[in-house]
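Visitor: Fold the following for me, if possible:
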Amino acid sequence: MKEALIQNLDNAAALEQLFRKDKNGFKKAFDEAYATNSSNANLQFWHARLNYKEEQLNFGNKREFTFVIILAIVAGMFANISNISNINVELFFTRNTVFLILPFITTYYIYKQNLSLKIKTAVGFILIILATYINLLPNNPNSSSINLVYIHLPLLLWSILGYGYLGNDFYSSQKRINFLKFNGDFLIMTAVIILSCLAFTIITFGLFNLIGIKIEKFYMQYIAIWGIGGIPILATYLIDHNPQIINKVSPLIAKIFTPLVFINLLVYLITLIYTGKYPHNDRNLLLIYNALLVGVLALIFFSIAETETSKRNYFSTLLLFGLSLLTITVNCIALSAIIYRIFEWGITPNRITVLGGNVIIFINLILVSYQLLKALKNKTNLTKVEDTIATYLPIYAIWTGIVALMFPIVFHGK
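Guide: Purely as a prediction, here's the structure:
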């Protein structure tokens, strides 16, 4: 290895090939060669490369870290309201779980942004109003419009989080794409922390069970509950200060699942045509359709947003274009089913919500597919696709706001 290394000192490609072939052998041979040829420019470069120390875990400055700890404590105190006597625990968490997470992450980003006190106060006031609004709604499990609030208010809070993340760069397409990337990284980091906490919890239960003490109820009610708000804000802080930790995982997941979902969806559509089991008369199947639609659309978005433009190739772009066409086909079937149900059985909050959401997704998919087609023809790169995704995000925010805030009033809580 040493002889090969010395013979190829002026051949950068050969040195890289030797390194990738046997990294440990290369490092040992390099140390010997560098001892006698330390003045060689290429060896100096490789010395710097091989001795480069990865960045340590960064916890930011003391002031920011203290603020995050305060947010986690406040979120935990909010969660502990469920332990007050006469509180309907199930109803409390149904309505407030999302308020234990997203508003605190929003507060963190608003705190970091160079926004005016007036804007920061306005955002805080809106969050308080929304929390009050959802907790003042009638407890009517049979109300479609109220159940829609439970689904769409978290999306509205996510939109407010997006505003907090963007700050003064609200109209920046790149910053919006970065926000999408943040969401993928956030989910992965949160899942990793939760799994770690779960392992710790299982070990704790086992240790106390060995001495005959059952602490499960006490532990979950008074200790684990602090993690509901604490874990997400901690995950956010770690990602914000250590983007190198997780930013390569999301692209990997997208690359793995995009072809799998494409094959799955293609086989599903062929089977659907063969069996003739369309969702027009099956409400549950229609709901599954819409969940599938949202899931596939999210995968397309993240596949585009999480991959560096320079690393894209024709096949991956073709795959995304094919997946977008398949999703448009599913969307058309879903739209026809929703329209059929409205004409057959009339207007309901659920049907109007699903119709509006599918129309919005359909238009978005058409725009994305058009840009992907242009990219395939080499008329543009995928930056235009990213811009299309970023520009369209406020449309989703507006629709979720309408459903969450207006539908209970329009449909009189039905």
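
Visitor: Please count neighbours and contacts with C-alpha atoms only from this point.
Guide: Fine.

Visitor: Could you list the low-pLDDT ranges of the stretch 101-250 of the chain?
Guide: Along the stretch 101-250 of the chain, the model assigns pLDDT under 70 to residues 247-248, 250.

Visitor: Just the helices from it, written as ranges.
Guide: For the stretch 101-250 of the chain, the helices defined by DSSP state H, counting those that start in this stretch cover 102-112, 117-136, 144-166, 173-210, 216-222, 227-241, 249-275.

Visitor: repeat for the stretch 251-400 of the chain
Guide: Using DSSP H, counting those that start in this stretch, helices in the stretch 251-400 of the chain cover 283-305, 314-345, 349-376, 383-410.

Visitor: how about these in TSV, adding mean pLDDT and distance to Asn37?
Guide: Formatted as TSV, these follow (pLDDT from 0 to 100; distance: least, C-alpha to C-alpha, whole Å):
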stretch	mean pLDDT	distance to Asn37
helix 283-305	69	45
helix 314-345	85	44
helix 349-376	87	48
helix 383-410	86	45
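
Visitor: burial of Phe325, as a residue count?
Guide: Not Phe; residue 325 is Leu. By other C-alpha atoms under 10 Å, 16 other residues sit near Leu325.

Visitor: The one 10 residues further on now?
Guide: Counted by other C-alpha under 10 Å, the residues lying close to Leu335 total 22.

Visitor: Also Leu198?
Guide: The burial count for Leu198: 13, using other C-alpha under 10 Å.

Visitor: Can you dump the C-alpha atoms of stretch 227-234 in CSV for me?
Guide: The C-alpha trace of stretch 227-234 is given here as CSV (Å, rounded to 0.1, in the frame of the first residue of the first chain):
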residue,chain,number,x,y,z
GLY,A,227,-41.8,14.1,27.9
ILE,A,228,-44.9,14.9,25.8
GLY,A,229,-43.8,18.5,25.4
GLY,A,230,-40.1,18.1,26.4
ILE,A,231,-39.0,15.6,23.8
PRO,A,232,-40.2,17.6,20.8
ILE,A,233,-38.6,20.8,21.9
LEU,A,234,-35.4,19.0,22.7
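
Visitor: The helices of the stretch 251-400 of the chain: which one's closest to Ile73?
Guide: helix 383-410 (28.5 Å; C-alpha to C-alpha).

Visitor: which of the residues in the closest one are buried?
Guide: Applying a neighbour-count criterion of 16 or more other C-alpha atoms under 10 Å, one finds 383-390, 393, 396-397, 399-405, 407-408 buried in helix 383-410.

Visitor: still on that earlier bit, right, and the helices of the stretch 251-400 of the chain - which one's nearest Arg176?
Guide: When the helices of the stretch 251-400 of the chain are compared (using C-alpha to C-alpha), the closest one is helix 383-410, at 5.4 Å.

Visitor: mind checking how far the closest one is from the chain centre?
Guide: A distance of 16 Å separates the C-alpha centroid of helix 383-410 from that of its chain, computed with C-alpha atoms, centre = their mean, to the nearest Å.

Visitor: Quick check: which helices or strands does it pack against?
Guide: Contact partners of helix 383-410 among helices and strands, from 3 or more C-alpha pairs under 8 Å, 6 or more residues apart in numbering; DSSP states H and E: helix 144-166, helix 173-210, helix 283-305, helix 349-376.

Visitor: most packed of those helices?
Guide: helix 144-166 (a mean of 21; mean count of other C-alpha atoms under 10 Å).

Visitor: For that one, C-alpha coordinates in PDB please.
Guide: Output in PDB follows, covering the C-alpha atoms of helix 144-166 (Å, rounded to 0.1, in the frame of the first residue of the first chain):
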ATOM      1  CA  SER A 144     -68.500  16.000  12.100                       C
ATOM      2  CA  SER A 145     -67.500  19.700  12.100                       C
ATOM      3  CA  ILE A 146     -66.000  19.500  15.600                       C
ATOM      4  CA  ASN A 147     -64.100  16.300  14.800                       C
ATOM      5  CA  LEU A 148     -62.800  18.100  11.700                       C
ATOM      6  CA  VAL A 149     -61.400  20.800  14.000                       C
ATOM      7  CA  TYR A 150     -59.400  18.100  15.900                       C
ATOM      8  CA  ILE A 151     -57.900  17.000  12.600                       C
ATOM      9  CA  HIS A 152     -57.300  20.400  11.000                       C
ATOM     10  CA  LEU A 153     -56.300  22.600  13.900                       C
ATOM     11  CA  PRO A 154     -53.000  20.800  14.300                       C
ATOM     12  CA  LEU A 155     -52.300  21.600  10.600                       C
ATOM     13  CA  LEU A 156     -53.100  25.200  11.200                       C
ATOM     14  CA  LEU A 157     -50.700  25.200  14.200                       C
ATOM     15  CA  TRP A 158     -48.100  23.600  11.900                       C
ATOM     16  CA  SER A 159     -48.700  26.500   9.500                       C
ATOM     17  CA  ILE A 160     -48.100  29.000  12.300                       C
ATOM     18  CA  LEU A 161     -44.900  27.100  13.200                       C
ATOM     19  CA  GLY A 162     -43.900  27.500   9.500                       C
ATOM     20  CA  TYR A 163     -44.300  31.300   9.900                       C
ATOM     21  CA  GLY A 164     -42.200  31.200  13.100                       C
ATOM     22  CA  TYR A 165     -39.500  29.200  11.300                       C
ATOM     23  CA  LEU A 166     -39.500  31.600   8.300                       C
END
